[in-house]
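S.K.: sequence and predicted structure are below.
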Amino acid sequence: MSFDSTNFFMHIKSMRNQFFFGYGSLVNTSSHDFHDISNARLVGWRRVWQRTNLRNFSFLSVHRSDNFSIEGVIAIVPDGNWRKLDEREAGYDRMIGSEMIKHTSSKADSISFYRIPDHNFCSVEKCPILLSYLDVVLMGFLQRFGKEGFSNFFETTDGWDCGVFNDRNNPRYPRAQEYENDFYSSVDNAITDREIKLYR
């Protein structure tokens, strides 16, 4: 039997409660206004810092890793309208991953997540991570998963060799936020302890 992709995606679109799985900045609920948020886990994947052809800095994606899983959140896509989220995640492909995501929500009919496609990989050496972006991501993990989640983010994310660019005083990340100095110190210490190169 051949796979009818048109009917399949029409079926997905007709589902009332379409959710997304966020594993980076979307974990920080102050960076968006989506609802019905709950903790979840993507099984068989790890995060990776990846440069794309569309940006000058590395951003988070995921890659297959059978023996690992990553924490994140799921949230509902209002009226199944993905336009707003697709615009935010420009440069990523959206994948249906319901069967790979562990969660406790009784509402989620389908769950999708985003990853950078191979054709958007940049062939030159990776560019650094924006510290303003990393701050937002790590605050989300601290708020949702505590200190253990903060630490686990580093352990379940690859590509730290690209380094971090310190733009904290002049943020380039459009959803940058201001936090307490104690939090900044925790981020800075984590970068230093893991010997991640910091560019200024």
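M.R.: Cool, the structure landed.
S.K.: quick check: longest strand of the protein.
M.R.: Of all the segments assigned as strand in the chain under DSSP state E, the longest by residue count is strand 59-76.
S.K.: phi, psi for the most centrally placed residue in the chain please.
M.R.: Compute the mean C-alpha point of the chain, and by CA atoms, centre = their mean the closest residue is residue 24, 2.6 Å away. Dihedral pair for residue 24: phi -130, psi -120, per degrees, to the nearest 10.
S.K.: for it, give its distance to residue 140.
M.R.: Per CB to CB, to the nearest Å, residue 24 is found 8 Å from residue 140. (Glycine included, C-beta is placed from N, CA and C.)
S.K.: and if you look at residue 109?
M.R.: Using CB to CB, residue 109 is found at 25 Å from residue 140.
S.K.: who has more neighbours, those two?
M.R.: residue 140 (25 against 15; other CB atoms under 10 Å).
S.K.: can you point out the buried residues in the host helix or strand of the more buried one?
M.R.: Here residue 140 sits within helix 131-155, counting by DSSP states H and E. Using 16 or more other CB atoms under 10 Å as the burial criterion, the residues of helix 131-155 that qualify are 131-142, 144-145, 149-151, 153-154.
S.K.: for stretch 63-82, same thing?
M.R.: Quick answer for stretch 63-82 (16+ other CB under 10 Å): 65, 69-77, 82.
S.K.: farthest pair in the residues you listed?
M.R.: Maximum pairwise distance in the buried residues of stretch 63-82, criterion CB to CB, is 27.5 Å, between 65 and 76.
S.K.: any regions of this protein where pLDDT drops low?
M.R.: The chain contains residues with pLDDT under 70 at 1-15, 119-126.
S.K.: now residue 172: how far from residue 94?
M.R.: 25 Å.
S.K.: count the neighbours of the closest residue to residue 75 other than its chain neighbours for me.
M.R.: Nearest non-adjacent residue to residue 75, counting by CB to CB, 6 or more residues apart in numbering: residue 34, 4.0 Å away. Residues lying near residue 34 (other CB under 10 Å) number 19.
S.K.: got the phi and psi for residue 34?
M.R.: Per degrees, to the nearest 10, the backbone of residue 34 is at phi -80, psi 160.
S.K.: isn't it right up against residue 73?
M.R.: No: counting by CB atoms under 8 Å, residue 34 does not reach residue 73; the two are 9.1 Å apart.
S.K.: between the two, which contacts overlap?
M.R.: residue 26 (CB atoms under 8 Å, 6 or more residues apart in numbering).
S.K.: which parts of the chain are helices?
M.R.: Remark: helices assigned in the chain by DSSP state H are 5-14, 83-88, 131-155, 181-193.
S.K.: what sits up against the third one?
M.R.: Spelled out, that is helix 131-155. For helix 131-155, using CB under 8 Å, 6+ apart, the contacting residues are 24-31, 39, 47, 57, 59-60, 71, 73, 160, 164-168, 171-173, 175-177, 179, 183-184, 186-187, 190, 194, 198.
S.K.: which of those fall in strands?
M.R.: Of the contacts of helix 131-155, the ones assigned to strands by DSSP E are 39, 47, 59-60, 71, 73, 164-165, 198.
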